[in-house]
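**Student:** Could you work out the structure for the sequence below:
(one chain, ligands or ions: 3)
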Amino acid sequence: MSLSMLSAPMPSLPVFSSSYISVKRTVWCRVSQSQVAVVNGPVDDARVLERNEIRIGLPSKGRMAADTLDLLKDCQLSVKQVNPRQYVAEIPQLSNAEVWFQRPKDIVRKLLSGDLDLGFVGLDTVSEYGQDNEDLILVHDALEYGDCRLSLAIPKYGIFENINSLKELAQMPQWTYEKPLRVATGFNYLGPKFMRENGLKHVTFSTADGALEAAPAMGIADAILDLVSSGTTLRENNLKEIEGGILLESQAVLVASRKSLIERKGTLDMTHEILERLEAHLRAIGQFTVTANMRGSSAEEVAERILSQPSLSGLQGPTVSPVFCKSDGRVAADYYAIVICVPKKALYKSVQQLRAIGGSGVLISPLTYIFDEETPRWRELLSKLGL
Ligand SMILES: Nc1ncnc2c1ncn2[C@@H]1O[C@H](COP(=O)(O)OP(=O)(O)OP(=O)(O)O)[C@@H](O)[C@H]1O
Ligand SMILES: O=P(O)(O)OC[C@H]1O[C@H](OP(=O)(O)OP(=O)(O)O)[C@H](O)[C@@H]1O
Ligand SMILES: [Mg+2]
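**Tutor:** Residues are numbered from 1 along each chain as shown. Ligands and ions are numbered 1, 2, ... in the order given. Down below sits the predicted model:
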């Protein structure tokens, strides 16, 4: 966070009691809560429309970076980076797309300033740095990586030993105007909003770039508000989550600038293509194709037998094809080949059910893509845009 951001007032934000913020890792200073916000300035129209390329922001580092590149590769949208130290790259499959590697929070800021059109980041980052700005539109809200939760945690020991819920924390007599609950966090927009919505009045916030879990043991904070996935870091620092203390469940999302979608030529079409590829890939990873042979008197009779089993209905019912053989000079179909998609989780049950109704020669193959009819997310996007 730059100093210029800290000095810019945000009158629309909740004004909490003052808090501490570290501008560098080790420097802690006291600032008013109303100042701890990213400034979402108005989009500069001229700048947005000046360029023809469509810009996609990808995380330049951290745990989201590799997973985002892997996802795009799985969607046949591999990113071609001439030099790993360069911040710009291309996706040959998407002509006119320019990829920019940025820190996740800068992706959100640059979507708001009109310097990026689309971005892949965690929902936590969109919520914190997007601050409910209506120019940000979630195109895909569940990309199935980067799963974590933004959660409030307190020490397991001392005055917190018997505190297990947000309600109990709020009711502790220790928190007063003079001696508020001190929360260390990097989420200075979502934190105060959550506390206000939950009726915690006497709270101050301090922030640091990392290792927040150390703050309670160092005596700098009473509680922390940070991302949790396995819970190991909390456990190893003698901290615990509490009931009602989860602010947000997060995973990677595709976010777009409303203005770009509406005004920049080609952005909506490109977003449609990316969305279709993402959906086709994500739908397929949970499924297997199952083929089997089955004896039967007709395709309908075989289909009826398959549909009598709960795990075998497939995505849109089974495909049943006759297998023709010649016997006694006559061509006839005594066998049928069936093809269905089954969820990976239900694989063994499906095989058992297939066998129970006479299936044999069961073959299982992975599925790469499922292109279904128009995705509901596309219709939702058009409706959010009023189109
Ligand atoms: N422990 C975690 N498990 C899973 N996903 C996480 C975890 N921590 C963060 N994330 C997700 O990954 C995103 C990027 O986190 P990451 O730690 O890589 O970068 P950062 O915290 O912005 O950078 P840095 O850690 O260097 O300050 C987060 O915004 C969140 O969506
Ligand atoms: O529940 P866990 O699986 O233990 O993960 C939680 C930790 O992961 C993140 O830190 P990160 O590794 O990104 O380090 P950072 O503090 O430098 O951001 C987060 O800030 C927590 O400290
Ligand atoms: Mg981190």
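
**Student:** Against residue 165, how distant is whichever residue of the stretch 151-300 of the chain sits closest to ligand 1?
**Tutor:** Distance from ligand 1 to each residue of the stretch 151-300 of the chain (C-beta to the nearest ligand atom) is smallest for residue 229, at 3.1 Å. In short, each C-beta sits where N, CA and C put it, glycine included. From residue 229 across to residue 165, the span is 22 Å (C-beta to C-beta, to the nearest Å).

**Student:** quick one: whichever residue of the stretch 101-250 of the chain sits closest to ligand 1 and residue 156, what's the gap?
**Tutor:** Across the stretch 101-250 of the chain, the shortest distance to ligand 1 (C-beta to the nearest ligand atom) belongs to residue 122, at 2.0 Å. Going from residue 122 to residue 156 by C-beta to C-beta gives 27 Å.

**Student:** okay, the two: which has more neighbours?
**Tutor:** residue 122 (27 against 14; other C-beta atoms under 10 Å).

**Student:** picking that back up, state the number of residues packed around the closest residue to the residue of the stretch 151-300 of the chain closest to ligand 1 other than its chain neighbours.
**Tutor:** Leaving out its chain neighbours, the residue that sits closest to residue 229 by C-beta to C-beta, 6 or more residues apart in numbering is residue 148, at 4.2 Å. Residue 148 has 18 neighbours, counted by other C-beta under 10 Å.

**Student:** now residue 326
**Tutor:** 8.

**Student:** residues of the helix or strand where it lies that come out buried?
**Tutor:** Element membership of residue 326 [criterion: DSSP states H and E] is strand 319-327. Burial within strand 319-327, assessed by neighbour count using 16 or more other C-beta atoms under 10 Å, is assigned to residue 320.

**Student:** And the contacts of it?
**Tutor:** Contacts to strand 319-327, defined as C-beta atoms under 8 Å, 6 or more residues apart in numbering, come from residues 293, 299, 302-303, 306, 331-340.

**Student:** Check which strands are paired with it and give the direction for each one.
**Tutor:** Sheet pairing for strand 319-327, assigned by DSSP bridges, gives strand 330-343 (antiparallel).

**Student:** for the very next helix or strand once past the partner strand, packing partners?
**Tutor:** Scanning forward in sequence from strand 330-343 by DSSP H and E, the next helix or strand is helix 347-356. Helix 347-356 sits against strand 287-295, strand 359-366, with contacts defined as 3 or more C-beta pairs under 8 Å, 6 or more residues apart in numbering; DSSP states H and E.

**Student:** Would you confirm that residue 246 contacts residue 151?
**Tutor:** Yes - Residue 246 is within contact range of residue 151, at 4.9 Å (criterion: C-beta atoms under 8 Å).

**Student:** And the two? Which one has more around it.
**Tutor:** residue 151 (19 against 15).
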